[in-house]
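*Asks:* What would the 3D arrangement of this be:
(one chain, ligands or ions: 2)
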Amino acid sequence: MSSSSKLTGLGKAFQSLDLDGHDLPPSPAPSTPRNGRKYALATELVYTEGNDQYNASSVPIYQSATFKQTSATGGGGEYDYTRSGNPTRTHLERHLAKIMNASRALVVSSGMGALDVITRLLRPGDEVVTGDDLYGGTNRLLKYLATNGGIIVHHVDTTNPEKVREVVNTKTSMVLLETPTNPLIKIVDIPAIAHMTHAAAPSALVAVDNTMLSPLLQNPLDLGADIVYESGTKYLSGHHDLMAGVLAVNDSALGEKLYFSINASGCGLSPFDSWLLLRGIKTLGVRMEKQQANAQRIAEFLEEHGFKVRYPGLKSHSQYELHWSMARGAGAVLSFETGDVNVSERIVESARLFAISVSFGCVNSLISMPCRMSHASIDAKTRKERNMPEDIIRLCIGIEDVDDLIDDLSRALVQAGAVNVTMDGFHARGSGHTLGDADDSAQEATASSSSSPM
Ligand SMILES: Cc1ncc(COP(=O)(O)O)c(C=O)c1O
Ligand SMILES: N[C@@H](CCSC[C@H](N)C(=O)O)C(=O)O
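*Replies:* Ligands and ions are numbered 1, 2, ... in the order given. Predicted coordinates for the structure are as follows:
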């Protein structure tokens with residue numbers, strides 16, 4: 001059912017206009033405070049009104065596939081069928097639109113589902129410009145479309161807007177960005193690329209995958225993007241108990257096109273998962289605060305012990321300034337190198353508190369080897385061409401006690417033979433110092449071996 005539906009049924013009770021006057025689909029309760037004031041994001045995350053008939057303080061799960069209509073000639077109710085719209089899902093979408101600074105948000109069954117919906121805007125012959133460091137599943141879907149859908153995909157170094165400028169042309173339909181990138185934690189200048197793309201190819205859409213930071217830390221729509229999407233499986237839900245994808249836009253015609261694909265293909269998020277995601281979003285602020293603080297300590301710990309660490313919270317990150325010009329935080333995913341694939345494997349397998357697991361954004365800490373796991377769908381030759389270090393370890397930091405995490409990591413590093421242990425502490429053995437890039441000197445300057453191994 002479209003946002004222009006008449007205010008009947010549930011919609012009668014609650015206006016479909018939000019605080020900013022956006023005409024959103026009906027919801028069992030408005031997602032904005034009734035006093036008309038916009039609060040800080042931490043407050044907006046938790047604030048949802050729950051004025052159902054029983055004043056439930058948690059929005060009900062409308063676990064119903066179909067909705068009774070009042071007339072035989074096409075309805076009467078705001079909802080007819082859950083594939084087309086469901087009150088619990090709509091409530092979540094309205095809440096997300098508010099926290100993503102969007103006029104419309106939509107939720108689907110996974111992050112890849114969200115990208116699939118976006119790529120349905122493409123036609124054979126269209127060109128897509130994207131990065132050379134991308135989540136493996138994104139790379140896989142684009143490769144599929146290039147092979148079977150007649151789409152031309154250019155992978156360029158999106159950390160350099162000039163490289164994007166070189167390939168954007170009037171056939172460019174979409175520029176697809178990730179920042180920080182997964183897993184190399186490279187930063188992409190969204191405003192510069194959006195501005196340049198819109199000037200060179202006015203009908204092209206700039207889509208940004210915001211999974212690594214969530215709306216708490218970065219708002220790509222405010223930075224010039226046309227579409228933002230993310231895997232709700234990660235920070236938004238926070239507990240690895242559901243799969244979800246989120247899309248948000250500020251152009252209502254574009255929102256309708258995306259909604260059309262969701263209804264047509266049937267990938268809208270189920271009522272129960274919508275409810276679960278809404279519940280997760282309420283704790284995003286506190287979870288992320290703790291996860292980031294832990295990630296910062298762990299990144300500093302690894303850097304101090306001589307490892308080449310990629311984390312935008314570290315001043316040694318070569319794009320530190322750019323990252324902080326766009327984002328409100330560094331997130332809680334970092335990666336580091338050991339210089340030896342076997343050593344990396346041993347570290348991963350020696351960790352106890354860090355679960356060997358793909359994904360991130362969860363309250364539990366995870367450890368993985370992207371080239372073997374999350375990015376294994378990118379073939380070895382392509383990984384090499386894109387300078388993906390095979391030994392790279394990705395850490396996704398949770399909310400545990402940080403000293404416990406550092407102890408666990410210290411033990412794993414020693415057990416794996418990744419460090420030289422001396423009376424004064426330990427230091428990386430074959431670390432990123434051999435990799436010889438610009439970041440190394442900064443890391444050497446801060447490296448020390450002051451902590452004890454256990
Ligand atoms: C950056 C990024 N984007 C998109 C996705 C896809 O999300 P999902 O697993 O929910 O389909 C993932 C992980 O899977 C990811 O890491
Ligand atoms: N087997 C899965 C791997 C999912 S990776 C999940 C996440 N994005 C991450 O980066 O860890 C697949 O083939 O998609």
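
*Asks:* closest point of the stretch 101-250 of the chain to ligand 1, which residue?
*Replies:* residue 111 (2.2 Å; C-beta to the nearest ligand atom). Bear in mind the C-beta positions are built from the backbone N, C-alpha and C, glycine included.

*Asks:* so who does that residue touch?
*Replies:* 137, 209, 211, 229, 230, 231, 232, 233, 234, 243, 244, 245 (C-beta atoms under 8 Å, 6 or more residues apart in numbering).

*Asks:* who wins for neighbours among the residues you listed?
*Replies:* residue 232 (32 neighbours; other C-beta atoms under 10 Å).

*Asks:* Just the residues contacting stretch 312-322, thanks.
*Replies:* 159, 180, 185-187, 189, 292, 295-296, 299-300, 303, 309-311, 323-324, 327, 329-331, 438-439, 442-443, 446.

*Asks:* Of the residues you listed, which belong to strands?
*Replies:* 309, 310 (DSSP state E).

*Asks:* Run through who's touching the longest strand along the chain.
*Replies:* Using DSSP E, we find that the single longest strand of the chain is strand 172-178. Outside strand 172-178, the residues that touch it by C-beta under 8 Å, 6+ apart are 118-119, 121-123, 126-131, 133-135, 138, 142, 158, 164, 168, 188, 190, 193-194, 197, 200-201, 203-209, 211-212, 225.

*Asks:* Show me the strands in the stretch 301-450 of the chain, by range?
*Replies:* 308-310, 333-337, 355-356, 366-368, 393-396, 419-422, 425-428 (DSSP state E, counting those that start in this stretch).

*Asks:* In CSV, list these along with mean neighbour count and mean pLDDT.
*Replies:* Converted to CSV, the strands of the stretch 301-450 of the chain look like this (neighbours: other C-beta atoms under 10 Å; pLDDT from 0 to 100):
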stretch, mean neighbour count, mean pLDDT
strand 308-310, 25, 97
strand 333-337, 26, 98
strand 355-356, 14, 98
strand 366-368, 23, 98
strand 393-396, 26, 98
strand 419-422, 16, 94
strand 425-428, 20, 94
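
*Asks:* Low-confidence stretches in this structure?
*Replies:* 1-35, 50-51, 74-75, 431-454 (pLDDT under 70).

*Asks:* which bits of it sit near ligand 2?
*Replies:* Within the chain, the positions adjacent to ligand 2 are 135, 137, 182, 358, 359, 360, 374, 377 by C-beta under 6 Å from any ligand atom.

*Asks:* mind running it again at 8 Å?
*Replies:* 111-112, 135-137, 140, 182-183, 211, 231, 233-234, 357-360, 368, 370, 373-377, 394, 396 (C-beta under 8 Å from any ligand atom).

*Asks:* correct me, but residue 142 touches residue 128?
*Replies:* Yes. Residue 142 lies in contact with residue 128 (C-beta atoms under 8 Å); the separation is 6.6 Å.

*Asks:* Could you name every residue contacting both of those two?
*Replies:* 151, 153, 176.

*Asks:* Beta-bridge partners for the last one, please?
*Replies:* This means residue 176. With beta bridges defined as DSSP bridges, residue 176 has these partners: residue 130, residue 207.

*Asks:* swap in the second one?
*Replies:* In this structure, residue 153 bridges to residue 128 when assessed by DSSP bridges.

*Asks:* wait, what's in contact with it?
*Replies:* 127, 128, 130, 142, 143, 145, 146 are the contacts of residue 153 under C-beta under 8 Å, 6+ apart.

*Asks:* Buried subset of these as a ChimeraX selection?
*Replies:* Applying 16 or more other C-beta atoms under 10 Å to the contacts of residue 153 leaves a buried subset, and the ChimeraX line that selects it is:
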select :127,128,130,142,143,145
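
*Asks:* Report the spatially closest residue to residue 196, excluding sequence-adjacent ones.
*Replies:* With C-beta to C-beta, 6 or more residues apart in numbering as the criterion, residue 196 has its nearest non-adjacent residue at 5.5 Å, and that residue is residue 165.

*Asks:* Then residue 225?
*Replies:* residue 208 (4.3 Å).

*Asks:* give me every residue that touches that neighbour.
*Replies:* Residue 208 touches 176, 177, 178, 179, 190, 220, 223, 225, 227, 228, 229, counting by C-beta under 8 Å, 6+ apart.

*Asks:* Pretty sure the residue nearest to residue 196 sits against residue 200.
*Replies:* Yes. Residue 165 lies in contact with residue 200 (C-beta under 8 Å); the separation is 7.1 Å.

*Asks:* which parts of the helix of greatest length in the chain are buried?
*Replies:* Ordering each helix of the chain by length in residues (DSSP state H) puts helix 284-304 first. For helix 284-304, a neighbour-count test (16+ other C-beta under 10 Å) marks 284-285, 287-288, 290-304 as buried.

*Asks:* Taking strand 333-337 as reference, get the angle to that helix.
*Replies:* Angle, helix 284-304 to strand 333-337, by axes from the mean of the first three to the mean of the last three C-alpha atoms, to 10 degrees: 20 degrees.
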